[in-house]
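K.L.:
show me how the following folds:
(chains A and B)
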Amino acid sequence: MSTAVGAQGEAADPGRPRSARTWPALVVVLVVLVVAGVLLFDVIAVRTGHQAWPWRVGAAGRIADRGRDDPWVLAGGGVVLLLGVLLLWLAFAAGERRWLPLREPGAVIDRAGVAALISERAGRLPEVDRVRVKVTARRTRVTIAGAADPAAVQRELREELARIPLAVPNRLDVRTRGYRPAPPPPATPVTPAAPPPLPEPPAAGPAAEQAPGRASDEEERA
Amino acid sequence: MSRGTVNRTILAVAGVLLLAGGLLVLAGGLDLYGRVGLSMPHRWPLLGADRPLFGGVARSRWEHRSWWWPVVIAVLAVLVVGALAWLVTQLRRRGPVSVELPSPAPATTLRVRGRAVEEAIETGAVALPGVERVAARLDHRPGRPVVRTAIRLTTDGGPAELLAGYRSGPLADARDSLGLAALDSELRLRVVAVRPTRARKRARVV
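P.N.:
Next up is the predicted model:
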């Protein structure tokens, strides 16, 4: 649940939603309930002069009599230790990693949604064949395949990213991957290697004549 | 204390206990104290790798004290009762939410059903550009209502425009019609890509 009011003032994560951790707490509570309930029943039975459950006595004896350097005891200790680390992680990590806070307190957007907006815009740019967008809490990484000029793409996408009012501005990385110009048809003169960087409005779809160059012969960072 | 805080406290306490237990077992069994050169006090638990996990002495140390069994029973009972109380608060169904309206006449109370407010917000929000689905829920924070809305937007719409439109449109309308000075809101925005080949789906309220 997000803490909506005055969230801007918080240190690093303004209004970052925090998971209520209902399911992990339910598991812990059920385990505690069952174990404590069974022990309580048994202890009271013994105290009031009844028999303890034989399996309980047997299990307690078998566990207690094992040596402390017994591999099973050590493995059990290790498992318990890891469980403790896991529960502490669940207790202190914010969770809700799917959501990014927006500038408006209490409003969040899903990371896949940010990726969808960016990749939609990138897909409409000329000379971009394929787009892959990965959005994390602080960084949006766009990998494009195609002949497009990364600087131009970056300009466009930065504008698109700025239209999303994220509370923590996301950094944009545009990478191009594996473009090899298609061999020119024999009759026409050789096309220039670098296409004009002007982005055209949505009319032109992904340029069809560019074969998606898979052989990643260069990787440049814009 | 909010539900999340309670749950996280439970997890933290259980985690610390398990972590400490695991560390003691491992440190005792692998004799880490000896390897690091620490000499632990004599009564330190699980000291000595060659001894049984809980020897007879450890098991019967307090068994014959008069306070031992009452304390064991009390602790177990507190754990059981606490776990049951937690389950009850989690599973308790919230009753229908309603909001009190400023009364037009003395000695009259007017309440509006939460569902009506939710429907009004959904109808208003689904008309905003690019919105595909809306689900609104009215909840109670202590003392005041809060609207939790989930909106699914297509890539045709812009999140900033949507936020502005939502705040000044359906949310402001709801706040004004309820006669509130401020209405808390939480908004979860999802964006789905529009398939270029398919015609745009009609917006609908869920």
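K.L.:
next, B:R43: secondary structure please.
P.N.:
What DSSP: H, G, I helix; E, B strand; the rest coil gives for B:R43 is coil.
K.L.:
that one: neighbour count?
P.N.:
Residues contacting B:R43 under the criterion other Cβ atoms under 10 Å in any protein chain shown number 7. To be clear about C-beta, it is placed using only N, CA and C from the backbone, and glycine gets the same treatment.
K.L.:
swap in A:V174?
P.N.:
Close neighbours of A:V174, defined as other Cβ under 10 Å, add up to 25.
K.L.:
tell me which element A:R132 falls in.
P.N.:
Taking DSSP states H and E as the definition, A:R132 sits inside strand A:128-135.
K.L.:
right, and the helix or strand after that strand?
P.N.:
Scanning onward from strand A:128-135 (DSSP H and E), the first element met is strand A:139-146.
K.L.:
and that next one, what does it pack onto?
P.N.:
Applying 3 or more Cβ pairs under 8 Å, 6 or more residues apart in numbering or on different chains; DSSP states H and E, we find strand A:139-146 packed against helix A:111-123, strand A:128-135, helix A:150-162, strand A:171-177.
K.L.:
any idea of the pLDDT on residue 190?
P.N.:
Just going to use chain A. pLDDT recorded at A:V190 is 49.
K.L.:
wrong one, chain B
P.N.:
For B:R190, pLDDT reads 94.
K.L.:
pretty sure it contacts A:V108?
P.N.:
No - using Cβ atoms under 8 Å, B:R190 is not in contact with A:V108, being 9.7 Å away.
K.L.:
comparing the two, which residue is more hemmed in?
P.N.:
For the pair B:R190 and A:V108, the greater number of neighbours falls to A:V108 (24 against 18), based on other Cβ under 10 Å.
K.L.:
before we move on, which element is that one in?
P.N.:
strand A:107-110.
K.L.:
excluding chain neighbours, what is closest to A:I118?
P.N.:
A:V133 (4.9 Å; Cβ to Cβ, 6 or more residues apart in numbering or on different chains).
K.L.:
in chain A, what helix or strand scores lowest on average pLDDT?
P.N.:
For chain A, using mean pLDDT, DSSP states H and E, the weakest element among its helices and strands is strand A:219-221, scoring a mean of 38.
K.L.:
can you name the farthest residue from the center of chain A?
P.N.:
Centroid-distance maximum for chain A: A:G49 at 56.6 Å, with Cα atoms, centre = their mean.
K.L.:
in three-state terms, how would it be classified?
P.N.:
coil.
K.L.:
B:A85: how many residues sit nearby?
P.N.:
Neighbours of B:A85 using other Cβ under 10 Å come to 11.
K.L.:
what distance do you get for it to chain A?
P.N.:
Taking Cβ to the nearest Cβ, to the nearest Å as the measure, B:A85 falls 10 Å from chain A.
K.L.:
can I assume that residue sits in a strand?
P.N.:
No - assessed with three-state DSSP, B:A85 is helix; it does not lie in a strand.
K.L.:
how about low-confidence regions in the chain?
P.N.:
In the absence of a named chain, this looks at chain A. For chain A, the stretches with pLDDT under 70 are A:1-15, A:178-222.
K.L.:
that's the wrong chain, I wanted chain B
P.N.:
Judged by pLDDT under 70, the stretches of chain B that qualify are B:1, B:56-57, B:93-96, B:195-206.
K.L.:
how is it carved up into domains?
P.N.:
B:1-60, B:62-92, B:98-102+B:109-191 (automatic domain parsing).
K.L.:
which strand residues bridge B:V112?
P.N.:
B:V99 (DSSP bridges).
K.L.:
counting neighbours, what do you get for residue 92?
P.N.:
Chain wasn't specified; assuming chain A. 12.
K.L.:
wrong one, chain B
P.N.:
Count around B:R92 with other Cβ under 10 Å applied: 8.
K.L.:
on that earlier part again, any chance of a markdown table for the domains of chain B, columns distance to A:P101?
P.N.:
Formatted as a markdown table, the domains of chain B follow (distance: least, Cβ to Cβ, whole Å):
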| stretch | distance to A:P101 |
| --- | --- |
| domain B:1-60 | 16 |
| domain B:62-92 | 26 |
| domain B:98-102+B:109-191 | 11 |
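K.L.:
so for A:I164, which of those sits nearest?
P.N.:
Taking Cβ to Cβ, domain B:98-102+B:109-191 is the member of the domains of chain B nearest to A:I164, at 5.1 Å.
K.L.:
end-to-end on the closest one?
P.N.:
Using Cα to Cα, to the nearest Å, the end-to-end distance of domain B:98-102+B:109-191 comes to 31 Å.
K.L.:
what's the spacing between that domain and its chain's center?
P.N.:
21 Å (Cα atoms, centre = their mean, to the nearest Å).
K.L.:
equivalent analysis for stretch B:179-197, please.
P.N.:
Relative to its chain's centre, stretch B:179-197 lies at 21 Å (Cα atoms, centre = their mean).
K.L.:
quick one: that stretch near chain A?
P.N.:
Yes - with Cβ under 8 Å from any Cβ of the partner chain as the measure, stretch B:179-197 is seen reaching chain A through B:D184, B:S185, B:E186, B:L187, B:R188, B:L189, B:R190, B:V191, B:V192, B:A193, B:V194.
K.L.:
which residue ranges form the strands in chain B?
P.N.:
If DSSP state E is used as the criterion, the strands of chain B fall at B:98-101, B:110-113, B:131-141, B:144-154, B:184-192, B:204-205.
K.L.:
and the residue farthest from the centre of chain A, how far is that from chain B?
P.N.:
13 Å.
K.L.:
need phi/psi at that residue.
P.N.:
phi 90, psi 10 (degrees, to the nearest 10).
K.L.:
what sits against the closest residue to B:Y166 other than its chain neighbours?
P.N.:
Closest residue to B:Y166 apart from its sequence neighbours, by Cβ to Cβ, 6+ apart: B:A125 at 5.8 Å. Taking Cβ atoms under 8 Å, 6 or more residues apart in numbering or on different chains, we find B:A125 in contact with B:V131, B:V134, B:A136, B:T149, B:I151, B:Y166, B:G169, B:P170.
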